[in-house]
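1. here is a sequence together with a model predicted from it:
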Amino acid sequence: MVKPKNRYTLIIESIFSHKYKKGDKEVLFERNDLVQTADKLGISLPKNLGDVLYSFRYRACLPESIKKFAPEGLEWVIRPIGKAKYKFSLSSMPRIFPNELLAETKIPDATPGIILRYAMNDEQALLAIIRYNRLIDIFTGVTCYSLQNHLRTTVPEMGQIETDEIYIGVDQRGAQYVFPVQAKVEVINLA
């Protein structure tokens, strides 16, 4: 039984198919295209319009109807390119695999039991586990402190960006560091 496509998938597929021309390496679109496409398809818009793009940038795979237009070794991604402006862009997606020749660093879980009991399976829970276990400190070798969650700002030529958590660190020599952290749970396929 084929699962019906959800509204996010229908909107993003329609925008891509309308704007893509054979051989394109980039497909430009604007936030307003989401509104116009939803209206054209008779789909009610989500209250948080940005969640359509955020979902396909961080939580879900782009649908097969878009992926099939990527040459071998490349994938389509959505990138911000200015205020309310975006592009589908072909990109090589490096995969990081553990080096089996290196020793595994085992870290006892220091997350309080009550936190584990009530934590959901989402980014916030993952960030809490990272914090309680001081994983940023361990893997950077720098003493780190969580400064802010969900920092959102605007970058010229890129538009609005957000990072899940910012850590500030200091090493033994007094050098200071800023570590942006993106926490992602399992990617889902919305198609």
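-> Everything's here; your move. Residues are numbered from 1 along each chain as shown.

2. from here on, just use CA atoms for contacts and neighbour counts.
-> Will do.

3. where does F88 land in three-state SS?
-> Taken by DSSP: H, G, I helix; E, B strand; the rest coil, the conformation at F88 corresponds to strand.

4. that one against I81, yeah?
-> No: with contacts counted by C-alpha atoms under 8 Å, F88 stays clear of I81, the gap being 10.2 Å.

5. and the strands in this structure?
-> For the chain, applying DSSP state E gives strands covering 26-30, 60-61, 75-82, 85-91, 143-155, 159-170, 176-181, 188-189.

6. and the longest one, which residues are buried?
-> For strand 143-155, burial by neighbour count (16 or more other C-alpha atoms under 10 Å) applies to 143-146, 149.

7. if we can go back for a sec, of the strands of the chain, which is nearest N121?
-> Across the strands of the chain, N121 has its closest neighbour in strand 188-189 (13.1 Å, C-alpha to C-alpha).

8. mean confidence score for that closest one?
-> Average pLDDT, strand 188-189: 46.

9. same question, stretch 152-170
-> Mean predicted lDDT for stretch 152-170 stands at 86.

10. can you check stretch 131-145 too?
-> On average, stretch 131-145 scores 94.

11. buried set for it?
-> Under 16+ other C-alpha under 10 Å, the buried positions of stretch 131-145 are 131, 133-134, 136-137, 142-145.

12. the one residue sitting closest to the centre of the chain and I129: what is the separation?
-> By C-alpha atoms, centre = their mean, the mean C-alpha position of the chain lies nearest to Y58, the distance being 2.4 Å. Computed as C-alpha to C-alpha, to the nearest Å, the Y58 to I129 distance reads 20 Å.

13. what is the mean pLDDT for the longest helix along the chain?
-> Using DSSP state H, we find that the single longest helix of the chain is helix 7-19. For helix 7-19, the mean pLDDT works out to 95.

14. can you pull the buried residues of that helix?
-> For helix 7-19, using 16+ other C-alpha under 10 Å, the buried residues are 7-16.

15. what domains does the record give for the chain?
-> Here the domain parsing of the chain from automatic domain parsing is 7-91, 113-189.

16. where's the residue nearest to the centre of the chain relative to P180, distance?
-> Taking C-alpha to C-alpha, one finds Y58 at 15 Å from P180.

17. now swap in T37 and tell me
-> Taking C-alpha to C-alpha, one finds T37 at 34 Å from P180.

18. one step back: now render the domains of the chain as TSV, adding distance to I107.
-> As requested, those are arranged in TSV below (distance: least, C-alpha to C-alpha, whole Å):
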stretch	distance to I107
domain 7-91	27
domain 113-189	8
